[in-house]
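*Asks:* Build the 3D model from these lines:
(2 chains)
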Amino acid sequence: MSDSLDSGAFDFAVPPFDRLTPAEQARLAASLDLGLYAKDSVILKPGERADCLYVVMRGLVQERRGGEVAAVHGPHDSFGLQALFGDDTAGGPDGRPGEGGGAVACVAAEDTICHLVPRQALVELARDNPAFGDCIYQDFGDKLRALSSERANREMAALTMARIRQAYLHPPVFVNAADSLRDAALAMKRNQASSVLVREGNAAETGAPGGRIGILTGTDLRDLVLLDGCPVDSPVGPVARYELLTLDRDDLLFNALILMAKHSVRRLVIMEHGAVAGVLEQADLLALLSNHSQVIALRVDRAVSPDDLAQASQDIVGLIRTLHGTGVKVSFIADLVTELNRKIFRRLFELLAPPDLLANSCLIVMGSEGRGEQLLKTDQDNGLILRDGYECPTLKEVTAAFTARLVEFGYPPCPGNIMVSNPDWTRPLAAYKDAVFHWIHRPDETASMNLAIFYDAAAVAGDASLLAEVKGYLLSRLQDNQMFFTAFARPALAFDTPSGLFGGLFERRRNEALDIKKAGIFPIVHGIRALALEKHMAETNTVDRLWALADRSVLDRGFAGELAEAFTFLSTLRLKARVDSSAAGTQTDNLVRMEDLGKLDRDQFKDCLGLVKKFKEFIAYHFHLNH
Amino acid sequence: MPIDFTARAKGQGLTDPDYAFLLAEEDTGERVAIHCEATSYDKATADLRSVVAVRIRGTRILASQHLALSFWPTEPAEPALARLLRFIGNRPLVGYYLDFTVAMLDRLVQPMIGMPLPNETVEVSSLYYARKTKIPGKNAVDLRLDSILRDLDLPPRTGDDAYAHALAAAMVCLRLEA
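*Replies:* Reported below is the predicted structural model:
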């Protein structure tokens, strides 16, 4: 152990503090305070502003983003720059804390002592000593940049890791070497192919080993017949090209892209187990790569008519398939899809609504969309808050068109009719407040559900302060009324979660499908929502809420971690079922059949259900639901 | 507001109304770590040489705003004591061998305002002793400040002066309460 670590004195040998002159060091030393933090105590809550820079003297501090440890700080390391200098606009436009925002919590992993450098002292020293200032601000800038590029990199990496298997392959169209050019052209036309594969050797031996395979493209055909004047009944054998560019079906898409560029060709023959599996066309390859979220986002931003948006909306499904196929984490997909869906909603509303309506209203999405958890196009749950006293003559037409367009894009209408086209959900601010009052003080089943989905609401377009005001009113109306919370939390137990003894029974009836949403996802979402509401929390995402509850010691950290994992796993399972089904793109049902699951998935599924059961017991105890 | 009888009883003798704040209800949530240096360890005869006080706010030790006072036999102690009383106010006092520090101060404070310091006191060696004796066993508890610091994995004292002692006491207090 070095001397500097052993004494409690501030170590000026560590950058950036080594840039300070002795006089400045003395100034800094005189301005230092000390902070002592017990193991597992929270030093900085997510989003909390700091008034000082923390320099660890002893112990260990973890920066946690959600459940992940983003960084670890040991002695001499400093942290809290972001909380000190970061501004609130770093959050996402939708009001959720953005990736670059203050979503990081700093937690003492051991008993920790920190030197605290007050903001004032730091700013003054940075001003007086430019070398020191550069160090501090550059460090800060680097951290922000690193955060924002992390996302883009993850997605790009996922796309470059995609396999050819995920792209569309044109089924091979074979002709024999003895067939005429006319036969080849006919085969292309019949199969809507732009090329044919020419098989040399005996026509009867299909797929004979050793027989050479060549390719003849539409362009070749045109050049041969029109330019070179070949007779259309001459055989294809001698004119086909036999130096095929082939790749294996499990090769990377990226390699295909490189090979095409290198040989300036537009198609590759794809092999599987030594046989031809199909032809990969450049257009299909590019189509897959253009599912990149940035391309879709760009298209949404440039859309000048709702029809442009329809195309972008279709592409999201492709993006989900690709990302899911390359094993990207489901939470990341949800983030991305949420962002794109909200972009589409916002753009559509901007295209349809007159400017004054845009300025005097707030378009909100609720339920899973508000929580940022929908993976595919789920039912529309949206509403419009109008500024008090504002009247829009064309309101009815705009809202009806908005809902109709979304249906056209593939977002099914809400069975509960929670959509802007319903006057109950397109109301002035005051009417929303009245509704909230009603939901809280005269709770019945619909009121309770409305309150639940409204608590999850997020602003998408227009003036977000309108939503903030109603939400503020909602929280202010909630006294610590045990009766209310008991009623509110009760639906979390409404559906049975088969596990333990019943799990055994359930397994015997394997053919019966289980509604994964009712048995697993809903109890977690609603239970966590009730806890979050009780603590007046502003987070809307379930996993964010989970970690925030852990930070407030409502839930044990370990338990919160397990729950978050279970929630993610169940969501992944749900997505997998949907993506694999033919009706991918829209959420139709939530049934999971045990027999369809692999052994590993099945075991984990059972563990998750057990955990959900445990969580339900916790909720029942916490909200006194058994009395 | 509940009536604090101890403070009232102690306050019977207060002669200087300027110091009534010492008896008010504590409302800042802060505490003050304090330590003194004197010419000997005999409470009755030693002369006070210096006092250092450091505020503790929540889990933070406000070291940068500490108060350090020196006393000389040739100079009147009242102006320095007045500053000290305003600094500590009605906050609880925290220290190691706090009895001695408080006794030394009381000898000067009593004639000045008519009563001894009414502040609540937290002796960190007692906190440590209570913590240690919770664990069964007959081992004698080493109550030397440096041993306590080592045992609690706190940094050793940076010096032998009153400031280093006050800082160490503050850290021990925060660590044991966490």
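
*Asks:* what is the most centrally placed residue in chain B paired to in the beta sheet?
*Replies:* Nearest residue to the geometric centre of chain B (C-alpha atoms, centre = their mean): residue B:34, 3.6 Å. Under DSSP bridges, the beta-bridge partners of residue B:34 are residue B:53.

*Asks:* ok, it touching residue B:167?
*Replies:* No. Between residue B:34 and residue B:167 there is no contact, the gap being 11.0 Å when judged by C-beta atoms under 8 Å. Using the backbone N, CA and C atoms, a C-beta is placed for each residue, glycine as well.

*Asks:* Touching both of the two, which residues are there?
*Replies:* Contact criterion C-beta atoms under 8 Å, 6 or more residues apart in numbering or on different chains; residues shared by residue B:34 and residue B:167: residue B:54.

*Asks:* list the contacts for the residue nearest to the centre of chain B?
*Replies:* Residue B:34 neighbours (C-beta under 8 Å, 6+ apart): B:51, B:52, B:53, B:54, B:88, B:93, B:94, B:95, B:98, B:101, B:166.

*Asks:* Same list (these) but as JSON lines, adding distance to residue A:276.
*Replies:* Listed next are the contacts of residue B:34 as JSON lines, based on distance: C-beta to C-beta, whole Å:
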{"residue": "B:51", "distance to residue A:276": "92"}
{"residue": "B:52", "distance to residue A:276": "87"}
{"residue": "B:53", "distance to residue A:276": "87"}
{"residue": "B:54", "distance to residue A:276": "81"}
{"residue": "B:88", "distance to residue A:276": "89"}
{"residue": "B:93", "distance to residue A:276": "88"}
{"residue": "B:94", "distance to residue A:276": "83"}
{"residue": "B:95", "distance to residue A:276": "87"}
{"residue": "B:98", "distance to residue A:276": "89"}
{"residue": "B:101", "distance to residue A:276": "92"}
{"residue": "B:166", "distance to residue A:276": "84"}
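
*Asks:* Just these: which are in strands?
*Replies:* B:51, B:52, B:53, B:54, B:93, B:94, B:95 (DSSP state E).

*Asks:* shouldn't the second one be in contact with residue B:65?
*Replies:* Read it as residue B:52. No. Assessed by C-beta under 8 Å, residue B:52 is found out of contact with residue B:65, at 11.8 Å.

*Asks:* Among those two, which residue is more densely surrounded?
*Replies:* Neighbour tally, residue B:52 and residue B:65, criterion other C-beta atoms under 10 Å in any protein chain shown: the higher count belongs to residue B:52, 23 against 13.

*Asks:* how far away is the more buried one from residue B:88?
*Replies:* 12 Å (C-beta to C-beta, to the nearest Å).

*Asks:* do the same with residue A:348
*Replies:* 65 Å.

*Asks:* so how many other residues sit close to the closest residue to residue B:70 other than its chain neighbours?
*Replies:* In space, and not counting its chain neighbours, residue B:70 is closest to residue B:50: 4.9 Å by C-beta to C-beta, 6 or more residues apart in numbering or on different chains. The number of residues packed near residue B:50 is 17, by other C-beta under 10 Å.

*Asks:* Now do residue B:50, the pLDDT please.
*Replies:* Residue B:50 is assigned 93 on the pLDDT scale.
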